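J.: Sharing a model that was predicted from the sequence below.
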Amino acid sequence: MKAATINELKQELVNLSPSKLSELCLRLARFKKENKELLTYLLFEAHDTPGYIESVKAEMALQFADINKSNVYFVKKTLRKILRTANKYTRYSGLAQVEIEVLIYFCTSMKELNVPITSNPVLSNIYLNQLKKINKALNGLHEDLQYDYQREIQAL
């Protein structure tokens, strides 16, 4: 079965009644956890961006608190898991501001772990790649916001 294009889906959704559209959304939400999470974001959290950022940071803080620091392998594995979660939540919002704030929080939390980031190439690459992503997202923001975030990035 070949999937329809976004344009075809859009045309078909425009023609549906509101009750049928609601039924389709609920059916989509039943099949995948990510669909349900995205629908939850769109319905309940999209209007409150600062609150959403804080809730994502709180979830990341819990994950950072659970890192097993006994072995660098476990640290790398958990950091990648936290990063997957962070990327998923920033993808839901689609806003550069959310991505920047979440990634800055990730980098500061990573530095606060007291794990030798510079001596391990994998940890160093994770950290540097997030800084690159922050700078890339920063280019799409207004100049005033860029200046505010630039100072935070300098601290990293």
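T.: Okay, I see it.
J.: OK, contacts around the residue lying closest to residue 52 once chain neighbours are set aside?
T.: Nearest residue to residue 52 in three dimensions, chain neighbours excluded: residue 45, at 4.6 Å (C-beta to C-beta, 6 or more residues apart in numbering). To be clear about C-beta, it is placed using only N, CA and C from the backbone, and glycine gets the same treatment. For residue 45, the contacting residues are 51, 52, 55, by C-beta atoms under 8 Å, 6 or more residues apart in numbering.
J.: shouldn't residue 150 be in contact with residue 141?
T.: No. The pair residue 150 / residue 141 is not scored as a contact, 10.1 Å apart, by C-beta atoms under 8 Å.
J.: Which one of the two is surrounded by more residues?
T.: residue 141 (16 against 12; other C-beta atoms under 10 Å).
J.: Quick check: what element follows the strand or helix carrying residue 80 along the chain?
T.: Residue 80 is part of helix 72-93, with elements assigned from DSSP states H and E. For helix 72-93, the succeeding helix or strand toward the C-terminus, using DSSP H and E, is helix 96-111.
J.: Which helix or which strand is home to residue 62?
T.: Per DSSP H and E: helix 49-65 holds residue 62.
J.: What of residue 70?
T.: Here residue 70 is assigned to no helix or strand, by DSSP H and E.
J.: how close does residue 14 sit to residue 144?
T.: Separation of residue 14 from residue 144 (C-beta to C-beta, to the nearest Å): 38 Å.
J.: sorry, that was for residue 12
T.: In terms of C-beta to C-beta, residue 12 sits 42 Å off from residue 144.
J.: These two - which one has more neighbours?
T.: Set residue 12 next to residue 144 and count neighbours by other C-beta under 10 Å: residue 12 wins out with 11 against 8.
J.: how many other residues sit next to residue 62?
T.: Counted with other C-beta under 10 Å, residue 62 comes out at 10.
J.: for residue 66, what are its contacts?
T.: residue 78.
J.: What distance do you get for it to residue 59?
T.: Taking C-beta to C-beta, one finds residue 66 at 11 Å from residue 59.
J.: Need the residues touching each of these two.
T.: With C-beta under 8 Å, 6+ apart, residue 66 and residue 59 have no common neighbours.
J.: and the helix holding residue 62, what other elements does it pack with?
T.: With contacts taken as 3 or more C-beta pairs under 8 Å, 6 or more residues apart in numbering; DSSP states H and E, helix 49-65 sits against helix 72-93, helix 96-111.
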